[in-house]
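Undergrad: let me see the structure of the following:
(2 chains)
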Amino acid sequence: MKILVCIKQVPDMESKFKIDAGGTWYAKTDLAWRMNEYDEYAVEQAVQLKEQVKDADLTVLCIGSDQVKETMKKALAMGCDRGAHIADSNASGKEPFEIAGIIAEYAKDKNFDLIFTGMQSQDRGSGQVGVLVAEMLGLPSVSTVVHFAYTGGTVQVKRELEGGIKACVTVQAPVVITCQLGMNTPRYPTLPNIMKAKKKELLTIPVADLLKVAARQETAKMYFPEKKGGGLVLEGDIAELADKLIKILKEKTAVLA
Amino acid sequence: MKILLIAESREGKLLGGTYELAAFAAKMNAESVMFLVGDDTVLPKYAGKLYLADGKAAGEYNPDVHKQLVLDVIAKENPDMVALCHSSYGWDLAPRIAYALKAAQISEVVGVVDGVPVVPVCNSKLRRDVKAKTVKSVVTLQAGAFGLADEPSGTPEVEKIAVAGAGRVQFTGYEQAAAGGVDLGKAQVIVSAGRGIGKPENVAMIAALAKALGGEYGASRPVVDSEWVEHNRQVGTTGQTVTPKLYIACGISGAIQHLAGMKKSEFIVAINTDRDAPIGDVADVLVVADLKQFVPLFTEKIQSL
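TA: Down below sits the predicted model:
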């Protein structure tokens, strides 16, 4: 069995963001970077599938500058067998259609049985790439999956819907699955596995070799949203903050009466 | 401009986002037609043409079949834009339609400024204006972004469309959310724990504050996914929607899915170290503090009142 899992490196969402000089993206300096949270579930599911079927080869793919190799190493330490690093100094400027085009071009002649992606990235949040990859490859796809089971070519999944309801779905491999938070419990790489990961193949492919489609949209401008509410912001000594908050709750709500 | 609106129904019930699509079309000053896979006994209030495919024949989740039905309607109507809800149905179907149309797809639109869609970035900390480079475009709309000024009205002119083909994905049924447990909907005060609590042991401090205030404790998705708190206490799109007299969000950044579940609370307090966290947009009071220090002290003071 051949499995592909596609991951993205994103900034920590708690970061203090700034707009870059071009005004169309956030500045990439002074940020802490990590694996897109949704992709951690995708990697874990891919590794669990590999462990289940035993005879499997699991490739992790990531698009970006050399910096993304750090995130790829985590995926390798979690259990991926090899890495395909698509070298691109402007990955963040690429629209979902281009990202999907690159992945589909890489995957098209490799006969993957299963392709896992996160259901969306934490920065763009478009939720398009996984489904587009499937459309480009002519494969079925199921998005927003919170439960996955594989038995002899048949994939049974549950999609998460609004209100905590799940839709149960059956599909035959090859298939693309986009992974929702909570699908499993992503493992922490152990030290021996981190050491082993350093010896695994990490092949770099220039993005120009794989980018054959053009973007269908563009970011005209990026900016901070206007602060909506005139909410009160309290800062300072915590004992004073607690007293202030009690005073406010007494005045504005009936819960302390 | 003409927009094709992709309405939604589940288990014979029309979903709320349907009317937001119509509100979006009105805001765009656009002509519209609607598409629905559903049931002719449950029709949306809509003063326009509705293409209706039978939900029993098409299946409630069947992306191949639904895509083809939408493409059939597009062939007849030739809309400039296709609008869906940014929901589990919409974000699954939209890329399939956009790909077939060779059209731009703009996800989770929260507003339109001078005709250009605006979308959130990085958990709503940033916004971006996105321009389509194609003539046709597909958009998904964030829930609640295009609210209705008036109650919808009208009776649609229904044209039934035939369902053909089976599709590669087989929908076998729904699994309902686990029943029982805590009904947060009845609580007057809810204190919720977010990722900022740091470790499962700290749930106790949130529960203690809730108890001191005579309320219940809840949690945001990451805390439930980590199994620190059971799912029946989850507040948000995939959990419960609550409107208590007081909601205290502890260490919750304020993802849209969480906000959708609590923003109508009467009074909202957020406790967060990040002054810029999106929760601040809905909070009446934002206490910039480390909850691990603030919450125990605050609880003590409440208890001694």
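
Undergrad: tell me which residue in chain A sits closest to chain B.
TA: Nearest residue of chain A to chain B (Cβ to the nearest Cβ) works out as A:Gly164 at 3.2 Å. In this view, the C-beta of every residue, glycine as well, is placed from N, C-alpha and C.

Undergrad: now for the closest residue in space to B:Val121 that isn't next to it in sequence, how many residues are close by?
TA: Using Cβ to Cβ, 6 or more residues apart in numbering or on different chains and skipping residues adjacent in sequence, the residue nearest B:Val121 is B:Arg128, 5.4 Å away. Other residues near B:Arg128 come to 23 when the count uses other Cβ atoms under 10 Å in any protein chain shown.

Undergrad: so who does A:Arg159 touch?
TA: By Cβ atoms under 8 Å, 6 or more residues apart in numbering or on different chains, the contact set of A:Arg159 is A:142-146, A:166-167, A:169, B:61, B:88, B:92.

Undergrad: in CSV, list the residues you listed along with neighbour count.
TA: Shown next, in CSV, are the contacts of A:Arg159 (neighbours: other Cβ atoms under 10 Å in any protein chain shown):
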residue, neighbour count
A:Val142, 27
A:Ser143, 28
A:Thr144, 28
A:Val145, 26
A:Val146, 20
A:Lys166, 21
A:Ala167, 22
A:Val169, 22
B:Tyr61, 25
B:Ser88, 25
B:Asp92, 25
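
Undergrad: now render those as a markdown table, adding secondary structure, distance to B:Pro117 and pLDDT.
TA: What follows is those, written out as a markdown table (DSSP: H, G, I helix; E, B strand; the rest coil; distance: Cβ to Cβ, whole Å; pLDDT from 0 to 100):
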| residue | secondary structure | distance to B:Pro117 | pLDDT |
| --- | --- | --- | --- |
| A:Val142 | strand | 27 | 98 |
| A:Ser143 | strand | 21 | 98 |
| A:Thr144 | strand | 22 | 97 |
| A:Val145 | strand | 27 | 98 |
| A:Val146 | strand | 29 | 96 |
| A:Lys166 | strand | 30 | 95 |
| A:Ala167 | strand | 28 | 97 |
| A:Val169 | strand | 30 | 97 |
| B:Tyr61 | coil | 26 | 93 |
| B:Ser88 | coil | 21 | 96 |
| B:Asp92 | helix | 20 | 98 |
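
Undergrad: and the residues you listed as JSON lines, adding distance to B:Lys211?
TA: Below are these laid out as JSON lines (distance: Cβ to Cβ, whole Å):
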{"residue": "A:Val142", "distance to B:Lys211": "42"}
{"residue": "A:Ser143", "distance to B:Lys211": "40"}
{"residue": "A:Thr144", "distance to B:Lys211": "35"}
{"residue": "A:Val145", "distance to B:Lys211": "37"}
{"residue": "A:Val146", "distance to B:Lys211": "31"}
{"residue": "A:Lys166", "distance to B:Lys211": "32"}
{"residue": "A:Ala167", "distance to B:Lys211": "37"}
{"residue": "A:Val169", "distance to B:Lys211": "41"}
{"residue": "B:Tyr61", "distance to B:Lys211": "41"}
{"residue": "B:Ser88", "distance to B:Lys211": "35"}
{"residue": "B:Asp92", "distance to B:Lys211": "41"}
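
Undergrad: ok, the residue nearest to B:Val121 to A:Asp88 distance?
TA: Distance, B:Arg128 to A:Asp88, using Cβ to Cβ, to the nearest Å: 20 Å.

Undergrad: next: B:Gly215.
TA: 50 Å.

Undergrad: for A:Lys221, give me phi and psi.
TA: Here is the backbone geometry of A:Lys221 (degrees, to the nearest 10): phi -160, psi 140.

Undergrad: what number of residues lie near the nearest residue to it once chain neighbours are set aside?
TA: Among residues not flanking A:Lys221 along the chain, B:Asp129 sits closest, at 4.6 Å (Cβ to Cβ, 6+ apart). B:Asp129: 19 surrounding residues under other Cβ under 10 Å.

Undergrad: do the one 4 residues further on as well
TA: Here the neighbour count serves as a burial measure; for B:Lys133 (other Cβ under 10 Å) it reads 13.

Undergrad: which phi and psi does it have?
TA: Dihedral angles (degrees, to the nearest 10) for B:Lys133: phi -100, psi 0.

Undergrad: before we move on, the earlier item: helix or strand: which one has the residue nearest to B:Val121?
TA: Element membership for B:Arg128, per DSSP states H and E: strand B:126-132.

Undergrad: which residue is the nearest non-sequential neighbour of the single nearest residue of the stretch 51-200 of chain B relative to chain A?
TA: At 3.2 Å from chain A, B:Ala177 is the closest residue in the stretch 51-200 of chain B, using Cβ to the nearest Cβ. Leaving out its chain neighbours, the residue that sits closest to B:Ala177 by Cβ to Cβ, 6+ apart is A:Gly164, at 3.2 Å.

Undergrad: mind checking the SS state of B:Ala210?
TA: Applying DSSP: H, G, I helix; E, B strand; the rest coil to B:Ala210 yields a three-state assignment of helix.

Undergrad: and it, what pLDDT?
TA: pLDDT, B:Ala210: 95.

Undergrad: over to B:Asp150?
TA: At B:Asp150, pLDDT is 68.

Undergrad: the one 10 residues further on now?
TA: Each residue has a pLDDT score; the one for B:Lys160 is 96.

Undergrad: so who does it touch?
TA: B:Lys160 neighbours (Cβ under 8 Å, 6+ apart): B:40, B:51-54.

Undergrad: before we move on, the earlier item: which one of the contacts of A:Arg159 is nearest A:Ala208?
TA: Nearest to A:Ala208 out of the contacts of A:Arg159 is A:Ser143 (Cβ to Cβ; 29.6 Å).

Undergrad: give the contact list for the closest one.
TA: Applying Cβ under 8 Å, 6+ apart, we find A:Ser143 in contact with A:119, A:127, A:130-131, A:159, A:178, B:88, B:91-92.

Undergrad: run the last query once more with 10 Å
TA: A:117, A:119-120, A:127-128, A:130-131, A:134, A:157, A:159-160, A:176-180, B:63, B:88-89, B:91-93, B:95-96 (Cβ atoms under 10 Å, 6 or more residues apart in numbering or on different chains).

Undergrad: would you list every one of the strands in the stretch 1-150 of chain B?
TA: Applying DSSP state E, counting those that start in this stretch to the stretch 1-150 of chain B gives strands spanning B:2-6, B:9-10, B:13-14, B:31-38, B:49-54, B:81-85, B:104-109, B:111-113, B:116-121, B:126-132, B:137-141.

Undergrad: buried ones in the longest one?
TA: Meaning strand B:31-38. Within strand B:31-38, the residues scored as buried using 16 or more other Cβ atoms under 10 Å in any protein chain shown are B:32-38.

Undergrad: got the angle between that strand and strand B:81-85?
TA: 50 degrees (axes from the mean of the first three to the mean of the last three Cα atoms, to 10 degrees).

Undergrad: is any residue of strand B:31-38 near chain A?
TA: No. Counting by Cβ under 10 Å from any Cβ of the partner chain, chain A is not contacted by strand B:31-38; separation bottoms out at 13.6 Å.

Undergrad: quick one: that strand to strand B:49-54, angle?
TA: Going by the same axes, to 10 degrees, strand B:31-38 makes 10 degrees with strand B:49-54.

Undergrad: strand partners of strand B:31-38, parallel vs antiparallel please.
TA: Using DSSP bridges, the strands paired with strand B:31-38 are strand B:2-6 (parallel), strand B:49-54 (parallel).

Undergrad: buried ones in the last one, by neighbour count?
TA: Going by neighbour count (16+ other Cβ under 10 Å), the buried part of strand B:49-54 is B:49-53.

Undergrad: before I go, just wanted to say thanks for your time.
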